[in-house]
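the following block contains a protein sequence and its predicted model.
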Amino acid sequence: MFTTVSNIWKVSELRTRILFTLFVLLIYRIGAFIPVPGVDTELLKQAGSNGSDLFGLLNTFSGGALFNFSIFAIGITPYITASIIVQLLSMDVIPRFAEWAKQGEDGKRKLAQITRYGTVILGLVQGLATAIGFNRIYGVEIIHNANFVDYLVIAIILTAGTAFLMWLGEQITEKGIGNGISILIFAAIVAGLPGHVRTLYQTQLADAENLFLNIVKVLLIVLVVVVMIVGVIFIQQGIRKIPVQYAKRVVGRKMYGGQSTHIPMKVNGAGVIPVIFAISLLMFPITIANFWADKLWARWIIDNLSYDKPLGMVLYVLLIIGFTFFYTFVQINPVQMADQMKKNGGYIPGIRPGKPTSSYLTKVLTRLTLTGAIFLAVISIFPVLFGSLAGLDRSIQLGGTSLIIVVGVALDTMKQIEGQLIKRHYKGFINK
(Lines give C-alpha, C1' and ligand atoms only; values in the text may rest on other atoms or scores of the structure.)
Protein backbone atom coordinates (compact mmCIF):
# COMPACT_ATOMS: atom_id res chain seq x y z
CA MET A 1 0.00 0.00 0.00
CA PHE A 2 2.80 2.42 0.87
CA THR A 3 4.39 1.66 -2.50
CA THR A 4 1.10 2.51 -4.20
CA VAL A 5 0.84 5.84 -2.37
CA SER A 6 4.43 6.60 -3.37
CA ASN A 7 3.59 5.79 -6.99
CA ILE A 8 0.66 8.22 -6.91
CA TRP A 9 2.96 11.14 -6.10
CA LYS A 10 5.36 10.12 -8.88
CA VAL A 11 2.72 10.83 -11.53
CA SER A 12 2.67 14.62 -11.96
CA GLU A 13 -0.83 14.78 -13.49
CA LEU A 14 -2.34 12.59 -10.78
CA ARG A 15 -0.52 14.52 -8.06
CA THR A 16 -1.87 17.80 -9.44
CA ARG A 17 -5.42 16.43 -9.55
CA ILE A 18 -5.25 15.20 -5.96
CA LEU A 19 -3.83 18.49 -4.66
CA PHE A 20 -6.50 20.42 -6.58
CA THR A 21 -9.22 18.23 -5.05
CA LEU A 22 -7.85 18.76 -1.55
CA PHE A 23 -7.75 22.53 -2.13
CA VAL A 24 -11.41 22.53 -3.24
CA LEU A 25 -12.37 20.46 -0.18
CA LEU A 26 -10.57 22.99 2.04
CA ILE A 27 -12.70 25.77 0.53
CA TYR A 28 -15.79 23.65 1.10
CA ARG A 29 -14.99 23.08 4.77
CA ILE A 30 -14.25 26.78 5.36
CA GLY A 31 -17.59 27.71 3.81
CA ALA A 32 -19.41 25.28 6.11
CA PHE A 33 -18.53 27.57 9.05
CA ILE A 34 -19.44 30.94 7.50
CA PRO A 35 -22.90 31.70 8.97
CA VAL A 36 -25.75 33.41 7.17
CA PRO A 37 -26.28 36.91 8.67
CA GLY A 38 -29.13 37.38 11.12
CA VAL A 39 -29.40 33.76 12.35
CA ASP A 40 -28.97 32.70 15.98
CA THR A 41 -26.87 29.59 15.30
CA GLU A 42 -26.45 28.66 18.97
CA LEU A 43 -30.20 28.54 19.45
CA LEU A 44 -30.53 26.46 16.27
CA LYS A 45 -27.94 23.93 17.47
CA GLN A 46 -29.74 23.50 20.79
CA ALA A 47 -33.11 23.04 19.08
CA GLY A 48 -31.70 20.86 16.30
CA SER A 49 -30.14 18.39 18.71
CA ASN A 50 -33.65 17.42 19.80
CA GLY A 51 -35.15 17.45 16.31
CA SER A 52 -35.93 14.84 13.68
CA ASP A 53 -33.40 12.24 12.61
CA LEU A 54 -33.98 13.35 9.03
CA PHE A 55 -32.63 16.82 9.81
CA GLY A 56 -29.73 15.15 11.62
CA LEU A 57 -29.00 13.15 8.47
CA LEU A 58 -29.18 16.27 6.31
CA ASN A 59 -26.83 17.98 8.74
CA THR A 60 -24.46 15.02 8.31
CA PHE A 61 -24.65 15.31 4.51
CA SER A 62 -23.83 19.01 4.76
CA GLY A 63 -20.85 18.46 7.08
CA GLY A 64 -22.53 20.29 9.98
CA ALA A 65 -23.37 23.29 7.77
CA LEU A 66 -27.13 22.93 8.34
CA PHE A 67 -27.03 23.39 12.13
CA ASN A 68 -24.37 26.08 11.66
CA PHE A 69 -26.81 27.68 9.20
CA SER A 70 -23.85 28.53 7.02
CA ILE A 71 -23.90 29.62 3.38
CA PHE A 72 -23.76 25.88 2.48
CA ALA A 73 -26.64 24.96 4.83
CA ILE A 74 -28.84 23.28 2.20
CA GLY A 75 -25.82 21.59 0.67
CA ILE A 76 -25.93 19.92 -2.72
CA THR A 77 -29.35 18.28 -2.32
CA PRO A 78 -31.14 20.69 -4.75
CA TYR A 79 -28.70 19.58 -7.46
CA ILE A 80 -29.38 15.92 -6.70
CA THR A 81 -33.14 16.49 -6.82
CA ALA A 82 -32.82 18.42 -10.10
CA SER A 83 -30.76 15.56 -11.55
CA ILE A 84 -33.49 13.07 -10.59
CA ILE A 85 -36.17 15.18 -12.26
CA VAL A 86 -34.15 15.68 -15.46
CA GLN A 87 -33.36 11.96 -15.72
CA LEU A 88 -37.02 11.07 -15.22
CA LEU A 89 -38.08 13.58 -17.89
CA SER A 90 -35.44 12.17 -20.26
CA MET A 91 -37.22 8.80 -20.35
CA ASP A 92 -39.55 9.81 -23.23
CA VAL A 93 -41.59 12.09 -20.94
CA ILE A 94 -40.33 15.20 -22.74
CA PRO A 95 -39.35 14.30 -26.35
CA ARG A 96 -36.71 17.04 -26.54
CA PHE A 97 -34.99 15.75 -23.39
CA ALA A 98 -35.16 12.16 -24.66
CA GLU A 99 -33.59 13.31 -27.95
CA TRP A 100 -30.78 15.10 -26.13
CA ALA A 101 -30.13 11.99 -23.99
CA LYS A 102 -29.33 10.07 -27.20
CA GLN A 103 -27.00 12.70 -28.67
CA GLY A 104 -23.87 11.79 -26.73
CA GLU A 105 -21.68 14.46 -25.17
CA ASP A 106 -23.48 17.37 -26.84
CA GLY A 107 -26.82 16.19 -25.48
CA LYS A 108 -25.34 15.63 -22.03
CA ARG A 109 -24.12 19.23 -21.95
CA LYS A 110 -27.61 20.50 -22.76
CA LEU A 111 -29.18 18.32 -20.06
CA ALA A 112 -26.49 19.45 -17.61
CA GLN A 113 -27.41 23.07 -18.33
CA ILE A 114 -31.10 22.32 -17.66
CA THR A 115 -30.03 20.61 -14.42
CA ARG A 116 -28.17 23.75 -13.36
CA TYR A 117 -31.22 25.92 -13.94
CA GLY A 118 -33.35 23.43 -12.01
CA THR A 119 -30.81 23.48 -9.18
CA VAL A 120 -31.14 27.25 -8.80
CA ILE A 121 -34.96 27.08 -8.78
CA LEU A 122 -35.10 24.20 -6.30
CA GLY A 123 -32.37 25.82 -4.22
CA LEU A 124 -34.45 28.97 -3.90
CA VAL A 125 -37.52 26.94 -2.85
CA GLN A 126 -35.54 24.86 -0.36
CA GLY A 127 -33.76 27.96 0.94
CA LEU A 128 -37.10 29.63 1.67
CA ALA A 129 -38.44 26.45 3.26
CA THR A 130 -35.31 26.10 5.40
CA ALA A 131 -35.41 29.71 6.59
CA ILE A 132 -39.17 29.78 7.32
CA GLY A 133 -39.40 26.18 8.50
CA PHE A 134 -36.49 26.29 10.92
CA ASN A 135 -37.92 29.48 12.36
CA ARG A 136 -41.16 27.65 13.15
CA ILE A 137 -40.57 23.93 13.44
CA TYR A 138 -38.83 24.01 16.83
CA GLY A 139 -41.05 26.67 18.32
CA VAL A 140 -38.16 29.14 18.66
CA GLU A 141 -37.13 32.15 16.61
CA ILE A 142 -33.67 31.53 15.21
CA ILE A 143 -34.25 34.56 12.95
CA HIS A 144 -35.57 37.30 15.23
CA ASN A 145 -38.38 39.59 14.00
CA ALA A 146 -38.05 38.23 10.48
CA ASN A 147 -40.26 39.34 7.59
CA PHE A 148 -40.58 37.99 4.04
CA VAL A 149 -37.72 40.15 2.75
CA ASP A 150 -35.40 38.70 5.41
CA TYR A 151 -36.43 35.17 4.43
CA LEU A 152 -35.91 35.96 0.74
CA VAL A 153 -32.42 37.39 1.32
CA ILE A 154 -31.44 34.30 3.32
CA ALA A 155 -32.88 32.03 0.61
CA ILE A 156 -30.85 33.84 -2.07
CA ILE A 157 -27.66 33.46 0.01
CA LEU A 158 -28.33 29.73 0.51
CA THR A 159 -29.09 29.28 -3.20
CA ALA A 160 -25.83 31.03 -4.10
CA GLY A 161 -24.02 28.65 -1.73
CA THR A 162 -25.60 25.63 -3.44
CA ALA A 163 -24.72 26.99 -6.90
CA PHE A 164 -21.14 27.49 -5.73
CA LEU A 165 -21.01 23.91 -4.41
CA MET A 166 -22.36 22.66 -7.74
CA TRP A 167 -19.56 24.55 -9.49
CA LEU A 168 -16.96 23.14 -7.07
CA GLY A 169 -18.23 19.62 -7.77
CA GLU A 170 -17.92 20.18 -11.51
CA GLN A 171 -14.37 21.47 -11.04
CA ILE A 172 -13.43 18.32 -9.10
CA THR A 173 -14.94 16.17 -11.86
CA GLU A 174 -13.09 18.09 -14.60
CA LYS A 175 -9.77 19.01 -12.98
CA GLY A 176 -9.66 16.78 -9.89
CA ILE A 177 -10.01 13.05 -9.33
CA GLY A 178 -13.61 12.83 -10.59
CA ASN A 179 -17.00 12.12 -8.97
CA GLY A 180 -17.17 15.75 -7.84
CA ILE A 181 -20.61 15.78 -6.20
CA SER A 182 -20.02 12.42 -4.52
CA ILE A 183 -16.63 13.62 -3.24
CA LEU A 184 -18.27 16.66 -1.62
CA ILE A 185 -20.85 14.47 0.14
CA PHE A 186 -18.04 12.07 1.15
CA ALA A 187 -16.04 14.94 2.67
CA ALA A 188 -19.08 16.23 4.57
CA ILE A 189 -19.79 12.81 6.12
CA VAL A 190 -16.14 12.16 7.03
CA ALA A 191 -15.94 15.61 8.63
CA GLY A 192 -18.67 14.54 11.06
CA LEU A 193 -16.95 11.33 12.20
CA PRO A 194 -14.98 12.94 15.07
CA GLY A 195 -18.26 14.30 16.44
CA HIS A 196 -19.86 10.84 16.31
CA VAL A 197 -16.86 9.32 18.10
CA ARG A 198 -17.04 12.03 20.77
CA THR A 199 -20.78 11.43 21.22
CA LEU A 200 -20.18 7.70 21.53
CA TYR A 201 -17.53 8.28 24.17
CA GLN A 202 -19.65 10.74 26.16
CA THR A 203 -22.74 8.52 26.14
CA GLN A 204 -21.08 5.15 26.67
CA LEU A 205 -17.61 5.47 28.23
CA ALA A 206 -17.47 8.77 30.13
CA ASP A 207 -19.61 7.45 32.97
CA ALA A 208 -17.84 4.95 35.25
CA GLU A 209 -21.14 3.25 36.16
CA ASN A 210 -21.72 0.07 34.11
CA LEU A 211 -18.41 0.73 32.41
CA PHE A 212 -17.78 -2.94 31.57
CA LEU A 213 -21.16 -3.34 29.86
CA ASN A 214 -20.63 -0.12 27.95
CA ILE A 215 -17.20 -1.27 26.75
CA VAL A 216 -18.77 -4.51 25.52
CA LYS A 217 -21.47 -2.48 23.77
CA VAL A 218 -18.87 -0.25 22.07
CA LEU A 219 -16.87 -3.29 20.93
CA LEU A 220 -20.07 -4.79 19.55
CA ILE A 221 -20.78 -1.54 17.69
CA VAL A 222 -17.28 -1.56 16.19
CA LEU A 223 -17.74 -5.20 15.14
CA VAL A 224 -21.07 -4.41 13.48
CA VAL A 225 -19.51 -1.46 11.62
CA VAL A 226 -16.63 -3.64 10.38
CA VAL A 227 -19.05 -6.34 9.19
CA MET A 228 -21.13 -3.70 7.41
CA ILE A 229 -18.04 -2.27 5.69
CA VAL A 230 -16.99 -5.75 4.53
CA GLY A 231 -20.53 -6.41 3.29
CA VAL A 232 -20.70 -3.11 1.37
CA ILE A 233 -17.31 -3.78 -0.27
CA PHE A 234 -18.36 -7.35 -1.13
CA ILE A 235 -21.57 -6.19 -2.84
CA GLN A 236 -20.00 -3.15 -4.51
CA GLN A 237 -17.23 -5.31 -5.99
CA GLY A 238 -19.50 -8.25 -6.89
CA ILE A 239 -19.67 -8.91 -10.66
CA ARG A 240 -21.49 -11.46 -12.80
CA LYS A 241 -19.46 -12.20 -15.94
CA ILE A 242 -21.64 -13.14 -18.92
CA PRO A 243 -19.55 -14.88 -21.62
CA VAL A 244 -19.74 -13.47 -25.16
CA GLN A 245 -18.36 -15.09 -28.32
CA TYR A 246 -17.69 -13.09 -31.47
CA ALA A 247 -17.88 -14.94 -34.78
CA LYS A 248 -15.09 -14.61 -37.34
CA ARG A 249 -15.82 -12.42 -40.32
CA VAL A 250 -13.75 -11.36 -43.32
CA VAL A 251 -13.73 -7.73 -44.49
CA GLY A 252 -11.60 -7.30 -47.58
CA ARG A 253 -8.33 -9.08 -46.89
CA LYS A 254 -8.58 -8.83 -43.11
CA MET A 255 -10.28 -11.17 -40.64
CA TYR A 256 -12.08 -9.71 -37.64
CA GLY A 257 -13.63 -11.23 -34.53
CA GLY A 258 -13.33 -14.76 -33.33
CA GLN A 259 -12.37 -13.81 -29.78
CA SER A 260 -14.09 -14.64 -26.50
CA THR A 261 -14.88 -11.97 -23.93
CA HIS A 262 -17.47 -11.26 -21.25
CA ILE A 263 -19.97 -8.61 -20.13
CA PRO A 264 -19.33 -7.56 -16.50
CA MET A 265 -22.62 -6.90 -14.70
CA LYS A 266 -22.28 -5.55 -11.18
CA VAL A 267 -24.51 -6.72 -8.36
CA ASN A 268 -25.03 -3.07 -7.48
CA GLY A 269 -24.63 -1.27 -10.78
CA ALA A 270 -26.16 1.94 -9.43
CA GLY A 271 -23.55 2.46 -6.69
CA VAL A 272 -24.50 4.93 -3.97
CA ILE A 273 -26.76 7.04 -6.21
CA PRO A 274 -30.05 5.35 -5.14
CA VAL A 275 -29.38 6.11 -1.46
CA ILE A 276 -28.67 9.77 -2.22
CA PHE A 277 -31.71 10.00 -4.53
CA ALA A 278 -33.99 8.34 -1.95
CA ILE A 279 -33.05 10.63 0.94
CA SER A 280 -33.33 13.70 -1.32
CA LEU A 281 -36.83 12.73 -2.48
CA LEU A 282 -37.89 11.80 1.06
CA MET A 283 -36.81 15.25 2.19
CA PHE A 284 -38.81 17.10 -0.48
CA PRO A 285 -42.35 16.87 1.05
CA ILE A 286 -40.96 17.71 4.49
CA THR A 287 -39.24 20.76 3.01
CA ILE A 288 -42.52 21.95 1.49
CA ALA A 289 -44.42 21.20 4.71
CA ASN A 290 -42.04 23.46 6.63
CA PHE A 291 -43.68 26.44 4.93
CA TRP A 292 -46.84 25.65 6.93
CA ALA A 293 -45.29 24.00 9.99
CA ASP A 294 -48.11 25.28 12.22
CA LYS A 295 -50.79 23.52 10.16
CA LEU A 296 -52.12 20.10 11.17
CA TRP A 297 -51.50 18.41 7.81
CA ALA A 298 -47.96 19.82 7.65
CA ARG A 299 -47.18 18.55 11.13
CA TRP A 300 -48.45 15.10 10.07
CA ILE A 301 -46.03 15.07 7.11
CA ILE A 302 -43.11 16.23 9.25
CA ASP A 303 -43.87 13.76 12.07
CA ASN A 304 -44.64 10.70 9.91
CA LEU A 305 -42.36 10.98 6.88
CA SER A 306 -39.22 11.59 8.92
CA TYR A 307 -36.38 9.13 8.62
CA ASP A 308 -36.90 7.67 12.10
CA LYS A 309 -40.67 7.05 11.83
CA PRO A 310 -42.15 3.69 10.63
CA LEU A 311 -43.91 5.16 7.57
CA GLY A 312 -40.87 7.21 6.58
CA MET A 313 -38.65 4.16 7.01
CA VAL A 314 -40.88 2.03 4.74
CA LEU A 315 -40.95 4.78 2.10
CA TYR A 316 -37.18 5.12 2.37
CA VAL A 317 -36.69 1.39 1.70
CA LEU A 318 -39.11 1.44 -1.26
CA LEU A 319 -37.42 4.50 -2.73
CA ILE A 320 -33.97 2.89 -2.47
CA ILE A 321 -35.20 -0.27 -4.21
CA GLY A 322 -37.07 1.70 -6.87
CA PHE A 323 -34.17 4.05 -7.62
CA THR A 324 -31.72 1.14 -7.76
CA PHE A 325 -33.75 -0.48 -10.55
CA PHE A 326 -34.37 2.86 -12.27
CA TYR A 327 -30.77 4.02 -12.29
CA THR A 328 -29.35 0.60 -13.22
CA PHE A 329 -31.61 0.24 -16.25
CA VAL A 330 -30.90 3.84 -17.28
CA GLN A 331 -27.18 3.06 -17.26
CA ILE A 332 -27.52 -0.41 -18.83
CA ASN A 333 -30.08 -0.95 -21.60
CA PRO A 334 -30.33 -4.71 -22.35
CA VAL A 335 -32.13 -4.11 -25.67
CA GLN A 336 -29.44 -1.75 -26.97
CA MET A 337 -26.73 -4.06 -25.66
CA ALA A 338 -28.27 -7.06 -27.49
CA ASP A 339 -28.61 -5.06 -30.73
CA GLN A 340 -25.01 -3.88 -30.53
CA MET A 341 -23.79 -7.45 -29.98
CA LYS A 342 -25.82 -8.65 -32.98
CA LYS A 343 -24.42 -5.93 -35.25
CA ASN A 344 -20.86 -6.87 -34.26
CA GLY A 345 -21.42 -10.60 -34.73
CA GLY A 346 -21.45 -11.39 -31.01
CA TYR A 347 -23.63 -13.86 -29.15
CA ILE A 348 -23.98 -15.47 -25.75
CA PRO A 349 -23.28 -19.22 -25.98
CA GLY A 350 -26.60 -21.10 -25.89
CA ILE A 351 -28.70 -17.93 -26.46
CA ARG A 352 -29.97 -16.83 -29.87
CA PRO A 353 -29.05 -13.27 -30.94
CA GLY A 354 -31.67 -10.53 -30.88
CA LYS A 355 -34.72 -10.61 -28.62
CA PRO A 356 -33.76 -13.86 -26.75
CA THR A 357 -30.44 -12.22 -25.85
CA SER A 358 -32.09 -9.03 -24.59
CA SER A 359 -34.59 -11.10 -22.56
CA TYR A 360 -31.74 -13.11 -21.03
CA LEU A 361 -29.74 -9.97 -20.18
CA THR A 362 -32.87 -8.37 -18.66
CA LYS A 363 -33.52 -11.43 -16.49
CA VAL A 364 -29.92 -11.57 -15.24
CA LEU A 365 -29.79 -7.82 -14.62
CA THR A 366 -33.10 -7.88 -12.75
CA ARG A 367 -31.92 -10.62 -10.39
CA LEU A 368 -28.60 -8.91 -9.72
CA THR A 369 -30.26 -5.54 -9.19
CA LEU A 370 -32.82 -7.00 -6.79
CA THR A 371 -30.02 -8.44 -4.68
CA GLY A 372 -28.13 -5.14 -4.67
CA ALA A 373 -31.27 -3.10 -3.94
CA ILE A 374 -32.30 -5.25 -0.97
CA PHE A 375 -28.76 -5.09 0.40
CA LEU A 376 -28.67 -1.28 0.10
CA ALA A 377 -32.03 -1.01 1.88
CA VAL A 378 -30.96 -3.36 4.69
CA ILE A 379 -27.65 -1.56 5.25
CA SER A 380 -29.46 1.80 5.33
CA ILE A 381 -32.10 0.74 7.85
CA PHE A 382 -30.24 -1.77 10.03
CA PRO A 383 -28.17 0.80 12.03
CA VAL A 384 -31.37 2.64 13.02
CA LEU A 385 -32.94 -0.56 14.36
CA PHE A 386 -29.69 -1.67 15.99
CA GLY A 387 -29.17 1.74 17.56
CA SER A 388 -32.68 1.74 18.99
CA LEU A 389 -32.18 -1.69 20.55
CA ALA A 390 -28.76 -0.68 21.93
CA GLY A 391 -30.07 2.61 23.29
CA LEU A 392 -27.59 4.68 21.32
CA ASP A 393 -27.80 8.41 20.73
CA ARG A 394 -29.86 9.13 17.62
CA SER A 395 -27.02 10.90 15.83
CA ILE A 396 -25.04 7.63 15.81
CA GLN A 397 -27.97 5.66 14.39
CA LEU A 398 -27.53 7.38 11.02
CA GLY A 399 -24.41 5.41 10.17
CA GLY A 400 -25.90 3.02 7.59
CA THR A 401 -26.67 5.56 4.89
CA SER A 402 -23.43 7.43 5.54
CA LEU A 403 -21.42 4.20 5.49
CA ILE A 404 -22.76 3.17 2.07
CA ILE A 405 -21.87 6.55 0.61
CA VAL A 406 -18.41 6.72 2.20
CA VAL A 407 -17.40 3.18 1.18
CA GLY A 408 -18.95 3.47 -2.28
CA VAL A 409 -17.28 6.79 -3.09
CA ALA A 410 -13.95 5.55 -1.69
CA LEU A 411 -14.09 2.46 -3.94
CA ASP A 412 -14.99 4.52 -7.02
CA THR A 413 -12.18 6.98 -6.30
CA MET A 414 -9.71 4.15 -5.80
CA LYS A 415 -10.71 2.68 -9.16
CA GLN A 416 -10.14 6.01 -10.90
CA ILE A 417 -6.69 6.34 -9.33
CA GLU A 418 -6.08 2.67 -10.15
CA GLY A 419 -6.80 3.33 -13.82
CA GLN A 420 -4.39 6.26 -13.91
CA LEU A 421 -1.63 4.19 -12.31
CA ILE A 422 -2.12 1.14 -14.54
CA LYS A 423 -2.11 3.37 -17.63
CA ARG A 424 1.37 4.48 -16.59
CA HIS A 425 2.52 0.93 -15.72
CA TYR A 426 2.31 1.34 -11.96
CA LYS A 427 0.63 -1.12 -9.60
CA GLY A 428 -2.50 0.13 -7.89
CA PHE A 429 -4.51 -0.60 -4.76
CA ILE A 430 -6.56 -3.48 -6.18
CA ASN A 431 -4.57 -5.06 -9.02
CA LYS A 432 -1.41 -6.68 -7.74
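Sure, I can see it. Just so you know, these numbers come straight off a predicted model, no measurement behind them. Numbers count the residues shown, from 1 in each chain.

when you work out contacts or count neighbours from here on, use the C-alpha atoms and nothing else.
Noted.

ok, the residue nearest in space to the middle of the chain to V409 distance?
Note on the chain: the residue nearest the mean C-alpha position is I276, at 3.6 Å, using CA atoms, centre = their mean. Separation of I276 from V409 (CA to CA, to the nearest Å): 12 Å.

circling back to that earlier point, find the nearest non-adjacent residue to the residue nearest to the centre of the chain, please.
The shortest distance from I276 to any non-neighbouring residue, by CA to CA, 6 or more residues apart in numbering, is to I80 (7.6 Å).

can you get me a residue count around that neighbour?
Neighbour count for I80, taken as other CA atoms under 10 Å: 21.

F284: which element?
Secondary-structure element containing F284, defined by DSSP states H and E: helix 273-289.

and S6, by the same measure?
helix 2-10.

now the helix or strand following that helix, how far from the centre of its chain.
Per DSSP H and E, helix 2-10 leads on to helix 12-31 as the next helix or strand towards the C-terminus. Its chain's C-alpha centre lies 20 Å from the corresponding centre of helix 12-31 when counted by CA atoms, centre = their mean, to the nearest Å.

top helix in this structure by residue count?
In the chain, taking DSSP state H as the definition, the longest helix is helix 355-390.

how far off helix 273-289 does that helix point, in degrees?
60 degrees (axes from the mean of the first three to the mean of the last three CA atoms, to 10 degrees).

who does helix 355-390 touch, helix- and strand-wise?
In this structure, helix 355-390 packs against helix 211-237, helix 310-331, helix 334-343, helix 399-423, with contacts taken as 3 or more CA pairs under 8 Å, 6 or more residues apart in numbering; DSSP states H and E.

for the shortest one, which residues meet the burial criterion?
The one in question is helix 334-343. The neighbour-count check on helix 334-343 (16 or more other CA atoms under 10 Å) flags P334, V335, A338, D339, M341, K342 as buried.

quick one: it to helix 355-390, angle?
Computed by the same axes, to 10 degrees, the angle between helix 334-343 and helix 355-390 is 140 degrees.

try the last one
Our comparison of helix 399-423 with helix 355-390, counting by the same axes, to 10 degrees, yields an angle of 130 degrees.

give me the contact list for helix 399-423.
Residues from elsewhere that reach helix 399-423, judged by CA atoms under 8 Å, 6 or more residues apart in numbering: 7-8, 11, 14, 177-179, 182-183, 185-186, 189-190, 229, 232-233, 236, 271-272, 275, 376, 379-384, 427-431.

among those residues, name the buried ones.
Restricting the contacts of helix 399-423 to buried positions leaves 7-8, 14, 177-179, 182-183, 185-186, 189-190, 229, 232, 236, 271-272, 275, 376, 379-384, 427-428, with burial counted as 16+ other CA under 10 Å.

returning to that earlier point: elements contacting the helix holding F284?
Where contact means 3+ CA pairs under 8 Å, 6+ apart, helix 273-289 is packed against helix 77-89, helix 105-134, helix 296-304, helix 310-331.

need the ones you listed in JSON lines with mean pLDDT and distance to F67, can you?
Listed next are these as JSON lines, based on pLDDT from 0 to 100; distance: least, CA to CA, whole Å:
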{"stretch": "helix 77-89", "mean pLDDT": "84", "distance to F67": "16"}
{"stretch": "helix 105-134", "mean pLDDT": "87", "distance to F67": "10"}
{"stretch": "helix 296-304", "mean pLDDT": "82", "distance to F67": "18"}
{"stretch": "helix 310-331", "mean pLDDT": "87", "distance to F67": "22"}
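
so which of those gets nearest K241?
With CA to CA as the criterion, K241 lies closest to helix 310-331 of those, at 16.4 Å.

quick one: buried residues of that closest one?
If you call a residue buried by 16+ other CA under 10 Å, then helix 310-331 has these buried ones: 312-313, 315-321, 323-329.

go on, stretch 79-87?
Y79, I80, T81, A82, S83, I84, V86, Q87.

what about the fifth one, distance to F375?
It refers to S83. Using CA to CA, one gets 24 Å for the distance from S83 to F375.

ok so, going back, the helices and strands packed on helix 355-390: which one's closest to A146?
Minimum separation from A146 across these (CA to CA) falls at helix 310-331, 31.4 Å.

relative to the whole chain's centre, how far out is the closest one?
Distance of helix 310-331 from its chain centroid, counting by CA atoms, centre = their mean, is 13 Å.

do the same with stretch 260-280
Counting by CA atoms, centre = their mean, stretch 260-280 comes out at 12 Å from the chain centroid.

give me the mean pLDDT for it.
In this model, stretch 260-280 has an average pLDDT of 81.

if we can go back for a sec, what's the closest of the buried residues of stretch 79-87 to L111?
Comparing the buried residues of stretch 79-87 against L111 with CA to CA places V86 closest, at 7.3 Å.

now the helix or strand hosting G195: average pLDDT?
Taking DSSP H and E as the definition, G195 sits inside helix 193-200. The predicted model gives helix 193-200 an average pLDDT of 77.

what of stretch 378-386?
In this model, stretch 378-386 has an average pLDDT of 78.

again, but for stretch 338-356
For stretch 338-356, the mean confidence score works out to 84.

and that stretch, end to end?
Using CA to CA, one end of stretch 338-356 lies 9 Å from the other.

oh, and call the first residue 662 from now on, that's how I've got it
Okay, residue one is now 662; in that scheme the one you just asked about reads as stretch 999-1017.

and the contacts of it?
If you take CA under 8 Å, 6+ apart as the criterion, stretch 999-1017 is touched by I903, P904, V905, Q906, Y907, A908, K909, G918, V996, T1018, S1019, Y1021.

neighbour-wise, give me the winner out of those residues.
When neighbours are counted as other CA under 10 Å, the busiest of the contacts of stretch 999-1017 turns out to be T1018, with 22 neighbours.

which residues touch it?
Contacts here follow CA under 8 Å, 6+ apart; on that basis T1018 touches A999, Y1008, I1009, I1012.

filter those down to the buried ones, ChimeraX style.
What follows is the ChimeraX syntax selecting those of the contacts of T1018 that are buried according to 16+ other CA under 10 Å:
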select :999,1008,1009
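
export the contacts of T1018 as a markdown table, with columns for distance to R859 and secondary structure.
Listed next are the contacts of T1018 as a markdown table, based on distance: CA to CA, whole Å; DSSP: H, G, I helix; E, B strand; the rest coil:
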| residue | distance to R859 | secondary structure |
| --- | --- | --- |
| A999 | 53 | helix |
| Y1008 | 57 | strand |
| I1009 | 54 | coil |
| I1012 | 57 | coil |
